[in-house]
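1. What follows is a predicted protein model with its sequence.
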Amino acid sequence: MDCHRARLAATYSIVARDPETGELGVAVQSNYFSVGTEVSWAGPGVGAIATQSIVEVSYGPKGLELLANGLPAQEALERLVAQDPGAALRQVGIVDSEGRVAAHTGGACVSACAHAFGDGYCVQGNMLASDAVWEAMGPAFEKAEGDLAERLMAALEAAERAGGDVRGRQSAALLVVSGERPENPWEGRRIDLHVEDDPSPLEELRRLLTIRRAYALFEQARATIGSGDVDAALELVTRARELQPENVQFAFWTGVALANAGRSSEARRWLNEAFAAAETWRELARRLCDVGIYSGDPDLIDS
């Protein structure tokens, strides 16, 4: 193999399944541009895969296909490795929908390199500062509290504190999918965040995860207000704003929803906050009136 042309995504990663929700996820950091586009793979209700070192990207989609067809993680990995003439250069971690894990670290992977198993998860790393990097990941994942995304982040952060990639850091990614196979192929992706090029990729990934959580709460609020429970929706918006206090989107669309619900006095405060941020929001409100999306008091917009 021509290593000058190969994808040199030497890195550390974790694949895991949450036993309570069934969610599946993979998280990764590396001193390599856009590492998540090649390393991270997951299918809702199917499994999660990290393919790294001298990357053979096909381990991702082919592995998910094998898992979807009912093969357990270990058997799927064995088939992939058996068909790969460059297997000695590969490092792969797999978790399936039952929480079974499998991993392969080829003999030609650059040290420090290893993988380790835990209950429903596997960590793997190569070209690390030391063995302490991969050794830190499992305990951090097990001790962390919160949802799967939070625990995956904890594993990455522990690895970085232990020294991380021997070359430094550049990119990171976090992918979490549902534990159930969706009716439609575009459903079931809960979190899909990428930091392509940043001097502190884990800090940026953490920031993006906070924003994603805020938007998830706001999306839940919009669904709740659509069902008529305005007060419950406002509680969700409040929680979203705690994560992102300055988000004008939240203020504007909450104001629109309240105006449409006939709660004009409350709507005015939210809309005025958006209008104070930029007059373009007022123009957008007028356009919403034109197509019937805004049906509240017109004076809230123009007064």
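-> Done, it's in. Numbers count the residues shown, from 1 in each chain.
2. Now find how far off-centre stretch 13-24 is within its chain.
-> Centre-to-centre, stretch 13-24 and its host chain are 12 Å apart (Cα atoms, centre = their mean, to the nearest Å).
3. What of stretch 244-259?
-> On Cα atoms, centre = their mean, the centre of stretch 244-259 falls 25 Å from the chain's centre.
4. which residues touch that stretch?
-> Outside stretch 244-259, the residues that touch it by Cβ atoms under 8 Å, 6 or more residues apart in numbering are 210-211, 214, 218, 221-222, 225, 230, 233-234, 237, 240-241, 264, 266-274, 277-278, 281, 284-285, 288, 293-297, 300. Just so you know, the C-beta spots here come from the backbone N, C-alpha and C atoms, and that holds for glycine as well.
5. same question, stretch 72-82
-> Applying Cβ under 8 Å, 6+ apart, the set of residues contacting stretch 72-82 from outside is 47, 59, 62-63, 66-67, 71, 87, 90, 92, 94-96, 98, 100-104.
6. my guess is Tyr59 meets Ile49, correct?
-> Yes - counting by Cβ atoms under 8 Å, Ile49 is a contact partner of Tyr59 at 6.5 Å.
7. Drop anything exposed from the contacts of stretch 244-259.
-> 214, 218, 221, 225, 230, 233-234, 237, 240-241, 266-268, 270-274, 281, 284-285, 288, 294, 296, 300 (16 or more other Cβ atoms under 10 Å).
8. The top strand by length along the chain pairs with which strands?
-> Ranked by residue count under DSSP state E, the longest strand found in the chain is strand 47-55. Next to strand 47-55 in the sheet, as set by DSSP bridges, lie strand 7-9 (antiparallel), strand 40-43 (antiparallel), strand 90-96 (antiparallel).
9. going on from that strand, what's the next piece of helix or strand?
-> Later in the chain than strand 47-55, the nearest helix or strand by DSSP states H and E is helix 59-68.
10. in that next one, what's buried?
-> Within helix 59-68, the residues scored as buried using 16+ other Cβ under 10 Å are Tyr59, Gly60, Lys62, Gly63, Leu64, Leu66, Leu67, Ala68.
11. Let me see the mean pLDDT of whichever helix or strand comes after that helix.
-> Moving toward the C-terminus from helix 59-68, the next helix or strand (DSSP H and E) is helix 73-82. Across helix 73-82, the average pLDDT comes to 98.
12. Also stretch 110-128?
-> Per-residue pLDDT over stretch 110-128 has a mean of 96.
13. What is the end-to-end distance of that stretch?
-> End-to-end distance for stretch 110-128, by Cα to Cα, to the nearest Å: 8 Å.
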